[in-house]
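Undergrad: Pasting a predicted model and its sequence here:
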Amino acid sequence: MAEDDAQRLSHTQRLKAAVHYTVGSLCQEIAEDKQVNFSKQAIAAISEVTFRQCETFAKDLEMFARHGKRSTINMDDVKLLSRRSRSLYAHISSYSNEIAASNQEQKEKRKKKSVSTGKRHSGGDSAVAEGEDHNME
């Protein structure tokens, strides 16, 4: 049990260090671009707030999936999370539409390829594929 706690703490510390490094890099870019300076304390505070917000996001996403009686977080959960920020919601929705279009194109390419090579899916597979398409509407 203590070993698990030690691993969890180590993992959390590594994540916090990665967030701190990334926030520091972003602050440095902004400082150069806008000709402002960030104190080490300001960078540390921004890093801590960012890390805690990410923890909150993760918990919220988990709860949204559970509420939907799912164990997998999906794009609808992410959209729900971003609903309070119009610009973020618009960006995520646009990105979601791009992903859906790309997935549809890939699905059509695979379908054309299987038809051109003479491969046929069994009746069970096509029923599953039709069911998936129906659920996506």
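TA: Cool, the structure landed. Residues are numbered from 1 along each chain as shown.
Undergrad: The longest helix seen in the chain: how far from the chain's middle?
TA: As assigned by DSSP state H, the longest helix anywhere in the chain is helix 2-34. Put simply, helix 2-34 sits 18 Å off its chain's centre (C-alpha atoms, centre = their mean, to the nearest Å).
Undergrad: Repeat that for stretch 34-52.
TA: Put simply, stretch 34-52 sits 24 Å off its chain's centre (C-alpha atoms, centre = their mean).
Undergrad: Restrict that stretch to CA atoms and write it as PDB.
TA: Only the C-alpha atoms of stretch 34-52 are listed here, as PDB (Å, rounded to 0.1, in the frame of the first residue of the first chain):
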ATOM      1  CA  LYS A  34       4.800  41.300 -25.300                       C
ATOM      2  CA  GLN A  35       8.000  42.500 -23.500                       C
ATOM      3  CA  VAL A  36       6.800  41.800 -20.000                       C
ATOM      4  CA  ASN A  37       8.400  39.700 -17.300                       C
ATOM      5  CA  PHE A  38       7.000  36.900 -15.100                       C
ATOM      6  CA  SER A  39       8.300  36.300 -11.600                       C
ATOM      7  CA  LYS A  40       9.200  32.800 -10.600                       C
ATOM      8  CA  GLN A  41       6.400  33.000  -8.000                       C
ATOM      9  CA  ALA A  42       3.900  34.000 -10.700                       C
ATOM     10  CA  ILE A  43       4.900  31.100 -12.900                       C
ATOM     11  CA  ALA A  44       4.600  28.700 -10.000                       C
ATOM     12  CA  ALA A  45       1.200  30.100  -9.100                       C
ATOM     13  CA  ILE A  46       0.000  29.700 -12.800                       C
ATOM     14  CA  SER A  47       1.400  26.200 -12.800                       C
ATOM     15  CA  GLU A  48      -0.400  25.200  -9.700                       C
ATOM     16  CA  VAL A  49      -3.700  26.700 -10.800                       C
ATOM     17  CA  THR A  50      -3.300  24.900 -14.200                       C
ATOM     18  CA  PHE A  51      -2.600  21.600 -12.600                       C
ATOM     19  CA  ARG A  52      -5.600  21.800 -10.200                       C
END
